[in-house]
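In: have a look at this prediction, sequence included:
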Amino acid sequence: MAETSPVLYERGIMIATRFIRSPGWTAAAVGALAGVLLLLPARAGAGVFEAFGPNSDFPDNNLVMPFAAEGSRLGFFSISNLGFSGPGGTPVPVTWEFYDQSGELLVSVQRYVLGEGGTDIVDITQVRSKAADGTEGPATNLAGRNGFVVVSKDDGEPDLVGNWTIANTASNAGFGANAGGLGFVGILATNSFLFGTSFAPTSLGDNLLMILGIDDFGTTPTSLTQGDPPAPGATIFTVEISLHSNDAPSGVIGTVQVPVNGSALFTSLQELFPGFDLGSSVTIVATPVTEGVSIMGYYGQAVGQFGAGQSLRTDLPIG
């Protein structure tokens, strides 16, 4: 039997304890859950770098989500706090830090949200602080920009889940996906591969590939420029992107290396591969060429009014 990571084991105990405390749990249900937990092995198997992310399946203390608000695109974010409320059922603080695709920190706001499943929704055109009493601060409109947001629980507890949505008013379609979690379960490996899938790009009314360069070496994730604007014209990292298809000779449609003058790349497959035959469904593979760089990736596509988004999956580092 494969062994379970101690990180995941402890997280499972934490979640179980919370639900056992909640109303409606019978003694039989508690006993059954305890039996399942006792069957879990206590340690991870040797030779596997455990808990590499991003984490898309479990709550975490940091969430990373892209936003695309250039041209006809707009978007919003939704998070839920699965942890506890503060004393007397009061909201608890969560920090939202919005980065431009250049890596520059655009705005940072603190928003209070209730626990036990309390939710918060933020519109990219009205980014505001929110006090514990519900009072909101002045709005910052990030329309006209692309970038990403890092949402962090101020107490560091792994209690947040979330998702993002990007709509294109020109194509009348939208797409979204889960936030990427970092900190408790997800830790980004450097120079790892990301994988995704796409319908034939020529059949799509809209597609957007988003590659985010993330500095995950500190307590809270940040951009590769640590929030500072990059030097004009400087290449912060280079990413290699390839498209694979069984219909292509040798299985590879094409490979490009893209220098990124910032901490994020927003592009379409047609922009990346002009002149290539994009008439078949493809697998997307991306990896940073620059040594020591970690990336996260998202992809959205739409056929007519029907859109779907995905978080690009990462390879499993093996020691």
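Out: Arrived safely, thanks for sending. Numbering: from 1, shown residues only.
In: bridged to N178, which residues?
Out: The bridge-partner assignment for N178, based on DSSP bridges, gives N163.
In: meant to ask about T255, not that
Out: S242.
In: list the contacts of it.
Out: Taking CB atoms under 8 Å, 6 or more residues apart in numbering, we find T255 in contact with 240-243. (C-beta placed from N, C-alpha, C; glycine too.)
In: ok, now S78?
Out: Contact partners of S78, counting by CB under 8 Å, 6+ apart, are 119-121, 162-165.
In: who wins for most neighbours among these?
Out: For the contacts of S78, the largest number of neighbours (other CB atoms under 10 Å) sits with W164, at 30 neighbours.
In: so that one makes contact with G174?
Out: No - using CB atoms under 8 Å, W164 and G174 do not qualify as a contacting pair, with a distance of 10.5 Å.
In: pull out the buried positions in stretch 213-229.
Out: Neighbour counts using 16 or more other CB atoms under 10 Å place 213-216, 221-225, 227 of stretch 213-229 among the buried residues.
In: could you measure from L105 over to E97?
Out: L105 is 6 Å from E97, where distance means CB to CB, to the nearest Å.
In: now the common contact residues for those two.
Out: When contacts are counted by CB under 8 Å, 6+ apart, L105 and E97 are jointly contacted by 222, 227.
In: could you flag which of the contacts of T255 are buried?
Out: Buried among these by 16+ other CB under 10 Å: 241-243.
In: can you tell me which of those is closest to G275?
Out: Proximity to G275 was ranked across these by CB to CB; first place goes to L243, at 12.8 Å.
In: what residues are up against the closest one?
Out: So L243 contacts 252-255, 269, 273, 276, 278, 282-285 (CB under 8 Å, 6+ apart).
In: swap in 7 Å and give it another go.
Out: Under the criterion of CB atoms under 7 Å, 6 or more residues apart in numbering, the contact list for L243 reads 253-254, 269, 273, 282, 284.
In: ok, so of these, who is nearest A69?
Out: Within the contacts of L243, distances to A69 taken as CB to CB reach their minimum at L269, with 20.5 Å.
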